[in-house]
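Student: what's the 3D shape of this:
(4 chains)
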Protein chains: 2
Amino acid sequence: MAYQAAFLALADPTRRRVFEELRRGPRSVGKIAARMPVSRPAVSQHLRVLKNAGLVADRAEGTRRVYCIDPKGLAAIRIWLDQFWDEALSAFQAELEKKEAAE
Amino acid sequence: MAYQAAFLALADPTRRRVFEELRRGPRSVGKIAARMPVSRPAVSQHLRVLKNAGLVADRAEGTRRVYCIDPKGLAAIRIWLDQFWDEALSAFQAELEKKEAAE
DNA sequence: GCTTACTGTTAGCCATGGCTTACCAAGCGG
DNA sequence: CCGCTTGGTAAGCCATGGCTAACAGTAAGC
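Tutor: Numbering: from 1, shown residues only, chains lettered A, B, ... in the order given. This next block holds a predicted model:
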């Protein structure tokens, strides 16, 4: 059920960009916001959504908070995806043949 | 770049339910809408978004249109996901140790 | 202690988008 | 032909959510 929040979180382009920024390594909120076209509070809100979705984790470091990618959320999407992958591939081939046979 | 549309399409619960309905096999629009709490035009709009995202494909069958899952969109997400998977796993372990060391 | 740096939170504005209702187009059967 | 079925489309309504600006809180340095 967790993929619900993960998909919702990654749907927004800005929020996904925040997430992808963390791919280059753990960063503080300010560092991330400096590379983004939106304000720092906006980044903070995005990080909260990402955290609730299990996509990022945070760690206090003095007055700064360092965020990093949490595999938990990614795993949820991956599991959901695998449910479709194999059977979708084979079923799609069958459909292609039906479609071409109808032309 | 295609995962953009795929994530956006799968973020909506109703639309994802439409998509998951197709997991049980190809169906017509009416068949899908009958199992959903929303109207048929709504389902039609959802299918259009899913189609633009490369998540479903359609085939004309008389006056009916039969939709099925298209692996193309799923593949886009999978590729994006794999970019993060391995490195996120190892990087997260390192972060966990840092976090525990700080406590 | 006081200032400074860094971050989370709130209120409010505004654009996006999902839903319904109504309408229109296209095959099929009598 | 004509009515019935099936499905895509347009207009409009309304809720959701992303953004900014202003505020509050906490830790570090002097």
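
Student: From now on I want contacts and neighbour counts done on CA atoms only, so please keep to that.
Tutor: OK.

Student: need the helices for chain A, in chain order.
Tutor: Using DSSP state H, the helices of chain A run over A:3-11, A:13-21, A:29-34, A:40-52, A:71-101.

Student: Out of the ones you listed, which is closest to DNA strand D?
Tutor: When the helices of chain A are compared by Cα to the nearest atom of the strand, helix A:40-52 sits nearest DNA strand D, at 3.9 Å.

Student: quick one on the thing from earlier: right, so the helices of chain A: which one is the most enclosed?
Tutor: Among those, helix A:3-11 has the highest mean neighbour count (mean count of other Cα atoms under 10 Å in any protein chain shown), at a mean of 22.

Student: Would you pull up how far it lies from the middle of the chain?
Tutor: 7 Å (Cα atoms, centre = their mean, to the nearest Å).

Student: Report the backbone C-alpha coordinates of it in PDB.
Tutor: Listed next in PDB are the C-alpha coordinates belonging to helix A:3-11 (Å, rounded to 0.1, in the frame of the first residue of the first chain):
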ATOM      1  CA  TYR A   3       3.500   2.800  -3.300                       C
ATOM      2  CA  GLN A   4       0.500   5.100  -3.200                       C
ATOM      3  CA  ALA A   5       2.500   7.800  -1.400                       C
ATOM      4  CA  ALA A   6       5.600   7.100  -3.400                       C
ATOM      5  CA  PHE A   7       3.900   7.600  -6.700                       C
ATOM      6  CA  LEU A   8       2.200  10.700  -5.500                       C
ATOM      7  CA  ALA A   9       5.500  12.100  -4.200                       C
ATOM      8  CA  LEU A  10       7.400  11.400  -7.400                       C
ATOM      9  CA  ALA A  11       4.700  12.800  -9.700                       C
END
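
Student: Is any residue of that helix near DNA strand C?
Tutor: No: judged by Cα under 7 Å from any atom of the strand, helix A:3-11 and DNA strand C are separated, with a smallest distance of 9.5 Å.

Student: and stretch A:14-34, anywhere near DNA strand D?
Tutor: Yes: part of stretch A:14-34 sits near DNA strand D under the criterion Cα under 7 Å from any atom of the strand, namely A:Thr14, A:Arg15.

Student: Distance from stretch A:10-25 to the middle of the chain?
Tutor: With Cα atoms, centre = their mean, you get 7 Å for stretch A:10-25.

Student: Residues of chain A that sit close to DNA strand D?
Tutor: Proximity of chain A to DNA strand D, by Cα under 7 Å from any atom of the strand, involves residues A:9, A:12, A:14-15, A:37-43, A:46, A:62-63.

Student: how close does the residue nearest to A:Val66 when sequence neighbours are not counted sit to DNA strand C?
Tutor: Nearest in space to A:Val66, with sequence neighbours left out and distances taken as Cα to Cα, 6 or more residues apart in numbering or on different chains, is A:Ser28 at 4.3 Å. According to Cα to the nearest atom of the strand, to the nearest Å, A:Ser28 stands 4 Å off from DNA strand C.

Student: Much appreciated, bye for now.
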